[in-house]
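Novice: my questions concern the predicted model and sequence given below.
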Amino acid sequence: MANVLFTNVRIIDGSGAQPYAGEVLVQGNRILRVGRGARTLPVTGVTVIDGAGATLMPGMCEAHTHLGWTNSKTLDAIQKMPHEEHTLWAASMAKLYLDHGWTSCVGAATPKPRQDCVIRNAINSGQIPGPRYLAASQEITVTGSLGDDMLPHLPFPEMSFGMVVDGQDEMRKAVRMFLKYGVDSIKLNLSGDNLVPGADATTNWMSDEEVAVAAHETKIRGKRLSSHARSTASIKQSVRHGIDVIYHASFADEEALDLLEAKKDRIFVAPGMSVIIRLLWEGEVIGVDNAQAKRMGYERELEACVSSMKAMLKRGIRVLPGGDYGFAWAPHGENAKDLEYFVKYLGMTPLETIVSCTRWGGQMMMQGNELGEIKEGYLADLLLVDGDPLSNIAILQDRKRLLAIMKDGVFHKEPEIRSARTRWSQTAA
Ligand SMILES: [Zn+2]
């Protein structure tokens with residue numbers, strides 16, 4: 001782990017402050033010094049990266065990641081990949097996310113019970129490259145709702161990408177099993193989803209008794225809950241039971257907004273806009289044209305989602321990008337499209353979207369005091385970007401524009417500009 005000085009860079013530090021020209025000195029896995037202007041920091045004993053005016057920003061956090069989703073056209077196809085291939089697939093996706101500048105990912109559900117934990121552990125031990133990762137359980141669901149693809153004659157529990165439970169006893173057993181495997185969070189499917197016939201996004205499926213058991217078991221082990229909650233009632237149910245990570249939250253009414261605002265210091269919302277927008281406008285890839293997508297409820301849900309997210313942002317609730325990439329209509333790797341959606345649909349400025357995927361991302365990773373900003377003492381997760389994402393947020397979708405990717409003080413991608421423009425200091429400190 002070398003000491004690295006990024007010089008001649010334009011720093012977007014992730015705090016929401018306007019960018020400035022400066023230098024950043026990395027020592028080990030942390031940011032040791034941040035300087036404004038040129039040649040303010042020492043250059044002895046360090047590798048100097050002359051950014052030639054490129055943007056230096058914190059690594060990004062994907063708030064709703066499914067490394068095990070297989071870019072399939074349907075939900076049930078996720079689970080058809082055999083265990084061995086599926087593990088290798090998830091490992092390659094972990095690398096892909098890092099290749100695209102996502103240095104942190106929040107696991108939002110895994111298709112095989114232990115897959116997320118195995119991948120997280122392999123990343124942390126250095127066995128495979130990947131982002132900082134919080135491992136999730138399978139989506140825990142109830143009979144008939146999103147995540148239940150089980151055919152009656154096939155055995156519990158693995159035929160569906162979700163884990164199907166009914167009643168408090170089955171819920172308790174499932175949650176304890178995932179906690180035993182070592183997950184960081186338990187995912188509950190509270191509402192339905194427009195992809196599921198007979199269980200659309202406005203419907204509610206899990207009983208308060210079932211949710212309460214899951215919440216109790218998870219919290220006494222010090223772990224976190226997340227929810228798939230598109231409907232109004234499911235958003236309120238999430239807050240009532242102390243669920244910190246709420247996915248989708250499309251149909252938030254005034255009461256739901258009030259509840260969220262009251263807990264805004266601990267709640268994170270990730271709308272996962274890609275599913276709605278892509279199916280509405282680009283669904284042909286799976287044979288869904290615009291008329292059918294409207295019949296499935298996606299036009300209505302997009303309207304609701306946009307107004308809900310705008311209202312949340314106004315109330316200071318943290319809304320983060322990412323979500324449900326890994327389908328044929330929105331394959332893995334295109335996740336930064338969400339930043340463009342935030343600007344285009346939610347009216348956020350590019351600077352605000354960068355805060356949402358960096359500063360708020362560090363907070364969502366439960367490392368808000370050391371991750372997600374370019375700040376002295378913080379972990380060195382950094383992206384050197386060719387161009388200005390504030391004038392065009394879409395450049396973050398192009399991995400070729402990521403000149404360097406550093407995670408924990410180590411280059412995942414070394415800058416090619418080093419050979420041309422870098423001065424190497426031979427002087428030992
Ligand atoms: Zn999801």
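Specialist: Right, received. Where do you want to start? Numbers count the residues shown, from 1 in each chain.

Novice: ramachandran angles for the residue in the chain that the ion sits nearest to?
Specialist: Minimum separation of the chain from the ion (C-beta to the ion) falls at Asp324, amounting to 4.3 Å. (Each C-beta comes from the backbone N, C-alpha and C, glycine too.) With angles defined as degrees, to the nearest 10, Asp324 sits at phi 60, psi 30.

Novice: that one: what's it in contact with?
Specialist: His64, His66, Trp69, Ala108, Gly272, Ser274, Val275, Ala330 (C-beta atoms under 8 Å, 6 or more residues apart in numbering).

Novice: are any of those residues buried, and if so which?
Specialist: Using 16 or more other C-beta atoms under 10 Å as the burial test, the contacts of Asp324 include His64, His66, Trp69, Ala108, Gly272, Ser274, Val275, Ala330 as buried.

Novice: restrict the residues you listed to those near the ion?
Specialist: Restricting those to those near the ion by C-beta under 5 Å from the ion leaves Ala108.

Novice: most widely separated two among the buried ones among the contacts of Asp324?
Specialist: Ala108 and Ala330 (13.9 Å; C-beta to C-beta).

Novice: picking up where we left off before, secondary structure added to the contacts of Asp324, as JSON lines?
Specialist: Shown next, in JSON lines, are the contacts of Asp324 (DSSP: H, G, I helix; E, B strand; the rest coil):
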{"residue": "His64", "secondary structure": "strand"}
{"residue": "His66", "secondary structure": "coil"}
{"residue": "Trp69", "secondary structure": "coil"}
{"residue": "Ala108", "secondary structure": "coil"}
{"residue": "Gly272", "secondary structure": "coil"}
{"residue": "Ser274", "secondary structure": "helix"}
{"residue": "Val275", "secondary structure": "helix"}
{"residue": "Ala330", "secondary structure": "strand"}
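
Novice: within range of the ion, give me the residues from the stretch 201-350 of the chain.
Specialist: Asp324.

Novice: okay, now the residue lying closest to Asn71 once chain neighbours are set aside: neighbour count?
Specialist: Nearest in space to Asn71, with sequence neighbours left out and distances taken as C-beta to C-beta, 6 or more residues apart in numbering, is Pro331 at 4.6 Å. Neighbourhood size, Pro331 [other C-beta atoms under 10 Å]: 16.

Novice: I figured Pro331 hits Thr70, correct?
Specialist: No - under the criterion of C-beta atoms under 8 Å, Pro331 makes no contact with Thr70, lying 9.8 Å away.

Novice: any regions of the stretch 51-200 of the chain where pLDDT drops low?
Specialist: Residues of the stretch 51-200 of the chain meeting the criterion pLDDT under 70: 150-158.
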